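Peer 1: got a structure for you, letters missing:
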């Protein structure tokens, strides 16, 4: 049987008698970069939190590498999946290296300090995100984009096969957006599976192997960019009329919003 | 520098500070005793030698008055500082300290009840016992009120703490209005915080909860580092955030309860000590927690020394001294360019 990285079967989540996630099923293969897109409040973050075990579903099953989520102990689960949340407080003066070393927590017992191997792994994570020179800088002295890279490096130091990100580029400038997406893309080539909520359709179209479009907690489309980023699906999910072209430079789909569909 | 070396260096340096503060606090007072004499006294304790007549008086002062007082100062200062460091990390809020959660006001309220009703005269243990249990009870009430659908959001907890704390302050004011002059004096004296009642009995009462609570808390340094970034980050590193918070609150309230019970409400220590240390050694809680305890203890011992010697034989309330020493030093550190290391401290 072909091992899947993640399988979600008939997943539903209800909060305050409202269905936030409604009977969602999909499967992600190892080494894929999957973008989750959808309007604000569509259920993107909730879906990610369910798969991460931060929320408990009302019905349905989640499998991580073909093992049901409930079977994992927290430590074992977070040796498999890492998370880069949308908001991180890096206001207290911790160094970049110290923050990245937090990724080693699932691998260490309460009574052990990080050893040379842990430092080596953290330093490699810093190198992979281009942050070596910031190693001893304080996390609150660096830019937003660099902060986001620090949390990605933390996830790398966790040495997991899967990484989840919640809108990692939402508040970044275009150069940091490209930098982060290139890094993520590079990681999938090295065999990591990456699932990221992405707010910008063109970023998703350019970098993701597959795109999962959700709205009102339901899947509106799941597949390659050219299959799912169609005018009809986008209208259905975002209530926006769009013009779709093909980029002369990259060959990617370019989406240009025209006006809101009433 | 790696964590092991940094931890060792920070603890060694803060320990030297503590020993120095301890020796200075023991030797100075209405009667000054030289460090050499101190050692003679300590040596006689160990060897059982009898001391000459004048030495015996000094012996009594040192062993029965100063020693318990200095030890109590170290325990209370250390305990309040470590709890301050914990609160600031859990709430990701630099303003957090033991007082802000309303715990101390709750403890104080119960102590004031004891004074008002005259229970103090029944047994000297009533006051510390009520203050201690009152603090724990207040912490529990605040936690319960702030828990909705088995979740305890930080903002709700902080605001509930402030609200219930204010309620207790109002109740204390109400009792003050109804009290006679003597009780008012006694209540105010107690509310301003001080260690003048310190004896071996108080040390016995406070030592176990403060030391035990602080040691347990020290093992949560790494969890607090993760919590400092975000609760989701901590959860996805395998930390049970809910349980961790409950344990930390439990042991923190134990420490604050024990501190309030023997010294009244001493403000500022829990706020300032962890911040000063973060400015010097960064925010790694595995270092900040033990060093907060050691340095916080040393700080309060020195502050108490000032409190009891500056207008000797009269005493100034310790709470006043901690603010007088702490505030200018804190502002100096904040403004000093070298320490402008972060947005937080700019």
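Peer 2: Thanks, I have it. Remember, predicted model here, so these are calculated numbers, not experimental data.

Peer 1: For residue B:209, which residues are in contact?
Peer 2: Going by C-beta atoms under 8 Å, 6 or more residues apart in numbering or on different chains, residue B:209 touches B:132, B:254-255, B:257-258. The way it works is simple: take the backbone N, C-alpha and C, and place the C-beta from them, glycine included.

Peer 1: Residue numbers of chain B in contact with chain A?
Peer 2: B:2-4, B:7, B:88-89, B:92, B:94, B:219, B:222, B:225-226, B:228-230, B:232-233, B:235-240, B:278-279, B:282-284, B:286, B:341-345 (C-beta under 8 Å from any C-beta of the partner chain).

Peer 1: Show me what the host helix or strand of residue A:214 is packed against.
Peer 2: Per DSSP states H and E: residue A:214 is located in strand A:210-215. Here strand A:210-215 touches strand A:18-28, strand A:33-37, strand A:218-223, helix A:225-228, helix A:231-238, going by 3 or more C-beta pairs under 8 Å, 6 or more residues apart in numbering or on different chains; DSSP states H and E.

Peer 1: Kindly check the end-to-end length of stretch A:162-174 for me.
Peer 2: 25 Å (C-alpha to C-alpha, to the nearest Å).

Peer 1: per-residue confidence averaged over it?
Peer 2: Averaging pLDDT along stretch A:162-174 gives 90.

Peer 1: Tell me if I'm right that residue B:269 and residue B:79 touch.
Peer 2: No - using C-beta atoms under 8 Å, residue B:269 is not in contact with residue B:79; the gap is 9.2 Å.

Peer 1: so what sits against both of those two?
Peer 2: With C-beta under 8 Å, 6+ apart as the test, residue B:269 and residue B:79 both reach residue B:296.

Peer 1: Can you add mean pLDDT and give the helices and strands packed on strand A:210-215 back as JSON lines?
Peer 2: Below are those laid out as JSON lines (pLDDT from 0 to 100):
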{"stretch": "strand A:18-28", "mean pLDDT": "93"}
{"stretch": "strand A:33-37", "mean pLDDT": "95"}
{"stretch": "strand A:218-223", "mean pLDDT": "93"}
{"stretch": "helix A:225-228", "mean pLDDT": "89"}
{"stretch": "helix A:231-238", "mean pLDDT": "89"}
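
Peer 1: Out of these, flag the one nearest residue B:325.
Peer 2: strand A:18-28 (53.2 Å; C-beta to C-beta).

Peer 1: Same question for stretch B:17-31: list its buried residues.
Peer 2: B:17-18, B:21-22, B:25-29 (16 or more other C-beta atoms under 10 Å in any protein chain shown).

Peer 1: ugh, typo on my part, it should be stretch B:107-121
Peer 2: Buried-residue list, stretch B:107-121, by 16+ other C-beta under 10 Å: B:107-116, B:120.

Peer 1: Same check on stretch B:76-96?
Peer 2: B:76-93, B:96.

Peer 1: again with stretch A:64-78
Peer 2: For stretch A:64-78, by 16+ other C-beta under 10 Å, it's A:64-65, A:69, A:72, A:77-78.

Peer 1: of those, list those near chain B.
Peer 2: Okay, of these touching chain B (C-beta under 8 Å from any C-beta), that's A:77-78.

Peer 1: right, so the helices and strands packed on strand A:210-215: which one is the most enclosed?
Peer 2: strand A:33-37 (a mean of 26; mean count of other C-beta atoms under 10 Å in any protein chain shown).

Peer 1: right, and the helix or strand after that strand?
Peer 2: helix A:44-51.

Peer 1: Check which element follows that following helix along the chain.
Peer 2: Next along from helix A:44-51, by DSSP H and E: strand A:59-64.

Peer 1: What pairs with the helix or strand that that following strand is followed by, parallel or antiparallel?
Peer 2: With elements assigned by DSSP H and E, the helix or strand that comes after strand A:59-64 is strand A:67-68. Here strand A:67-68 is paired, per DSSP bridges, with strand A:59-64 (antiparallel).

Peer 1: check whether stretch A:35-54 contacts chain B.
Peer 2: Yes - looking at stretch A:35-54 against chain B by C-beta under 8 Å from any C-beta, the contacts come from A:49, A:52, A:54.

Peer 1: Mind listing what's buried along that stretch?
Peer 2: A:35-39, A:42-54.

Peer 1: how far out from the middle of the chain is that stretch?
Peer 2: When distances are taken as C-alpha atoms, centre = their mean, to the nearest Å, stretch A:35-54 is centred 9 Å away from the chain's centroid.

Peer 1: again, but for stretch B:130-149
Peer 2: The mean C-alpha position of stretch B:130-149 is separated from the chain mean by 19 Å, C-alpha atoms, centre = their mean.

Peer 1: what residue ranges in chain B score low on pLDDT?
Peer 2: By pLDDT under 70, the weakly predicted segments of chain B are B:51-54, B:333-334, B:336-346.

Peer 1: try 50 this time
Peer 2: Counting by pLDDT under 50, chain B has low-confidence residues at B:337-346.

Peer 1: Closest to the centroid, which residue in it?
Peer 2: residue B:80 (2.5 Å; C-alpha atoms, centre = their mean).

Peer 1: Identify the residues contacting the closest residue to that one other than its chain neighbours.
Peer 2: The shortest distance from residue B:80 to any residue other than its chain neighbours is 4.2 Å, reached at residue B:270 (C-beta to C-beta, 6 or more residues apart in numbering or on different chains). Counting by C-beta under 8 Å, 6+ apart, residue B:270 makes contact with B:80-81, B:83-84, B:87, B:97-99, B:296.

Peer 1: which SSE is residue B:270 in?
Peer 2: In the assignment (DSSP H and E), residue B:270 maps to helix B:269-281.

Peer 1: what comes up buried for that helix?
Peer 2: B:269-279, B:281.

Peer 1: How far does that helix sit from its chain's centre?
Peer 2: Going by C-alpha atoms, centre = their mean, where helix B:269-281 is centred and where its chain is centred differ by 13 Å.

Peer 1: what about the helix or strand just after that helix, distance to the chain center?
Peer 2: Next along the chain after helix B:269-281, taking DSSP H and E as the criterion, comes helix B:285-309. How far helix B:285-309 lies from its chain's middle: 8 Å, per C-alpha atoms, centre = their mean.

Peer 1: Which elements pack onto helix B:285-309?
Peer 2: Right, helix B:285-309 is packed against helix B:3-27, helix B:67-90, helix B:200-218, helix B:221-229, helix B:269-281, helix B:318-335 by 3+ C-beta pairs under 8 Å, 6+ apart.

Peer 1: Switch those over to CSV; also include distance to residue A:22.
Peer 2: Below are those laid out as CSV (distance: least, C-beta to C-beta, whole Å):
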stretch, distance to residue A:22
helix B:3-27, 46
helix B:67-90, 35
helix B:200-218, 44
helix B:221-229, 32
helix B:269-281, 46
helix B:318-335, 52
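
Peer 1: so which of those gets nearest residue A:94?
Peer 2: Across the helices and strands packed on helix B:285-309, closest to residue A:94 is helix B:221-229 (C-beta to C-beta), at 7.1 Å.

Peer 1: Could you check the closest one and say which residues are buried?
Peer 2: B:221-229.

Peer 1: and the angle for that helix with helix B:3-27?
Peer 2: Inter-element angle recorded for helix B:221-229 and helix B:3-27: 100 degrees (by axes from the mean of the first three to the mean of the last three C-alpha atoms, to 10 degrees).

Peer 1: Give me the angle between helix B:221-229 and helix B:200-218.
Peer 2: Angle of helix B:221-229 versus helix B:200-218, following the same axes, to 10 degrees, is 70 degrees.
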